[in-house]
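# Curious how this folds, go ahead:
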Amino acid sequence: ETETGIKVFTCTVCGQTKEEAIPMLAHTHKPAADWSKDGEYHWHACSGCDVQIDKASHTWDNGVETKPATETETGIKLFTCTACGQTKEETTPVLGHVHSYTELKSDSTGHWNACSCGEPDKVVAHEYGAWIDKENKQENTCSVCNYIESRDITDVWGGSAISDGLAGEGTEEKPNEIHSGADLAYFRDNVASFAGKYVKLMRNIDLNNANFIIGSFAGTFDGQNHRITGLNIAGSEKDRYVGLFASVGQYGTVKNVITLSGSGAAIKSNYPAKPADYVETDEETYPYGAAGAIVGINKGIVDGCVNYINMTTGITCDYIGGVVGYSAYFGSNTEHSQVINCRNYGNITRTSESGAVGGVVGVAAGIVKGCYNSGTIEGKTSVGGIIGTVYHESIEISYNMNYGAVKVYSYNGGGIIGLSNAQTVHHNVNYGTITAENTATNIGGIIGGDTGNRVSILDASKNVIGRKIKYDAGSVSDNINYGTISGHHSAGGIVGV
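Just a heads-up that it's a prediction; the model follows:
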């Protein structure tokens, strides 16, 4: 196949010879026994030339998984040609997550089986048994998941039962404890004996709309955010200050008390004009009458208290606040009461006569800080979302917020303060609408009127004055008003006058 041949011819007569070339033979392919291959094809190579004999595409089997795919990583699958044994690898995709609901979880809505990814299965309602008393609360346990629902026990007072005493020693470590309406009635009737002592409210109490006012308290009372419902502080004509606590003394503290109205009826306070023989003192210059859902007059600290009750005063109650009627000064005017971190959600109304009306405090001669109101506050004069009137030039009113509407029918209405004599008013925010009804004047987003002309340090980007007034030593700064102001005369985004 690679060379020509020679053929010799001989004469049959004389014996002469000659040669002739024989052409090369045609090539006959001889396939190799083993397959040659690449990534796509296989063939038998001819041992004598470059011809690929029996060339064909690989025939792949179903493959073998050499690295299984997971929910987070790809896998590898090895395929082998069934003819030549060539192999190839292919990546298999990440698996879709398959939920496996193996963990039992629960919350107040029910229980369910959860997957490790957090996906819950169908939520099923708890299967509760009977409520079981646990000291100051009740518990109910789900028989499936052991979720425990708890609730405060509300003691409903019949109006007459009075305990023989209170548990505890009256110390900070072992305070006296109030577990029932009868206990609270004992505390009310013997409040003077708890001066300097620590007292805690241990459960919710429904006073069943009985007329209930605790006198002057000079200890530390912690409501522990329990609720007083069915509260009636109408009082009598002899009651100068009305509230759950008529008075908190100079060294007293009332904190974390929540007042709700069980019946939804408005609280009314009626106090007559100042008696002719009344002698004013440094400790009690104001007022003739004051009402607050939690404290009538405060000379100490009221902290973290919340009122939901709608309140309406009688015509002779001068000052009304959702939490405190009057927060006073005492001594030589250098020490001040405090109302801090308190909230009011009730509507506070006094429209028949002049008198200060505030969402949290009616009149403040002490610090008011970090308080909030969302109730509608309505009155004739000195009407404020947080404070009706501020009566002292050396105190601070700061970090308060009002969302409630303020309506004033005569003059001095503000989102934070109706009438101010405060030295420092800063970092307060008003979102409520301030409306001058009839022809009311002195309307401001933060302060309605300024009796002492003590507004001085003003940030022009945030503070707007209704009309020019004389500036003095105080400051109104870093207050913001987002509410709509509607006034007939002397209306400003921050200060009316």
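
# tell me the mean pLDDT for stretch 2-10?
Mean pLDDT, computed over stretch 2-10, is 86.

# Low-confidence regions, the stretch 251-400 of the chain specifically.
For the stretch 251-400 of the chain, applying pLDDT under 70 flags the ranges 261-288, 314-316, 330-335, 351-353, 393.

# With the stretch 101-250 of the chain instead?
Residues of the stretch 101-250 of the chain meeting the criterion pLDDT under 70: 135-136, 235-238.

# what's near enough to touch the closest residue to residue 138 other than its chain neighbours?
With sequence-adjacent residues excluded and distances taken as Cβ to Cβ, 6 or more residues apart in numbering, residue 138 is closest to residue 131, at 4.4 Å. (Each C-beta comes from the backbone N, C-alpha and C, glycine too.) Neighbouring residues of residue 131 by Cβ atoms under 8 Å, 6 or more residues apart in numbering: 138, 139, 140, 151.

# ok, which stretches of the stretch 51-200 of the chain are helices?
Ranges of helices in the stretch 51-200 of the chain, per DSSP state H, counting those that start in this stretch, are 181-189.

# any idea where the strands of it begin and end?
Counting by DSSP state E, counting those that start in this stretch, the stretch 51-200 of the chain has strands at residues 52-57, 64-67, 75-80, 87-92, 103-107, 110-114, 132-134, 137-141, 148-152, 154-156, 176-178, 198-201.

# Let me know the average pLDDT across the third one.
In this case it means strand 75-80. When pLDDT is averaged along strand 75-80, the result is 95.

# ok, back up a step: now the strands of the stretch 51-200 of the chain as JSON lines including mean neighbour count?
As requested, those are exported to JSON lines (neighbours: other Cβ atoms under 10 Å):
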{"stretch": "strand 52-57", "mean neighbour count": "12"}
{"stretch": "strand 64-67", "mean neighbour count": "12"}
{"stretch": "strand 75-80", "mean neighbour count": "16"}
{"stretch": "strand 87-92", "mean neighbour count": "13"}
{"stretch": "strand 103-107", "mean neighbour count": "14"}
{"stretch": "strand 110-114", "mean neighbour count": "19"}
{"stretch": "strand 132-134", "mean neighbour count": "10"}
{"stretch": "strand 137-141", "mean neighbour count": "15"}
{"stretch": "strand 148-152", "mean neighbour count": "13"}
{"stretch": "strand 154-156", "mean neighbour count": "16"}
{"stretch": "strand 176-178", "mean neighbour count": "21"}
{"stretch": "strand 198-201", "mean neighbour count": "22"}
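
# want to throw these into JSON lines with distance to residue 414?
Shown next, in JSON lines, are the strands of the stretch 51-200 of the chain (distance: least, Cβ to Cβ, whole Å):
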{"stretch": "strand 52-57", "distance to residue 414": "89"}
{"stretch": "strand 64-67", "distance to residue 414": "73"}
{"stretch": "strand 75-80", "distance to residue 414": "71"}
{"stretch": "strand 87-92", "distance to residue 414": "71"}
{"stretch": "strand 103-107", "distance to residue 414": "43"}
{"stretch": "strand 110-114", "distance to residue 414": "48"}
{"stretch": "strand 132-134", "distance to residue 414": "47"}
{"stretch": "strand 137-141", "distance to residue 414": "42"}
{"stretch": "strand 148-152", "distance to residue 414": "37"}
{"stretch": "strand 154-156", "distance to residue 414": "38"}
{"stretch": "strand 176-178", "distance to residue 414": "38"}
{"stretch": "strand 198-201", "distance to residue 414": "34"}
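
# residues touching the closest residue to residue 58 other than its chain neighbours, list them.
Once flanking residues are discounted, residue 58 sits nearest to residue 81: 4.0 Å by Cβ to Cβ, 6+ apart. Under the criterion of Cβ under 8 Å, 6+ apart, the neighbours of residue 81 are 37, 42, 58, 59, 60, 61, 87.

# between the residues you listed, which is closest to residue 379?
For the contacts of residue 81, the residue nearest residue 379 by Cβ to Cβ is residue 60; the value is 89.8 Å.

# Tell me who's in contact with that closest one.
By Cβ under 8 Å, 6+ apart, the residues touching residue 60 are 79, 80, 81, 82, 88.

# One more: residue 368?
Counting by Cβ under 8 Å, 6+ apart, residue 368 makes contact with 327, 338, 339, 340, 360, 361, 386, 387, 390, 395, 397, 400.

# go on, residue 293?
Taking Cβ under 8 Å, 6+ apart, we find residue 293 in contact with 231, 233, 243-244, 259, 267, 307, 309, 311, 322-323, 344, 346.

# Show me just the buried residues among the residues you listed.
Buried by 16 or more other Cβ atoms under 10 Å: 231, 233, 243-244, 259, 267, 307, 309, 311, 322-323, 344, 346, out of the contacts of residue 293.
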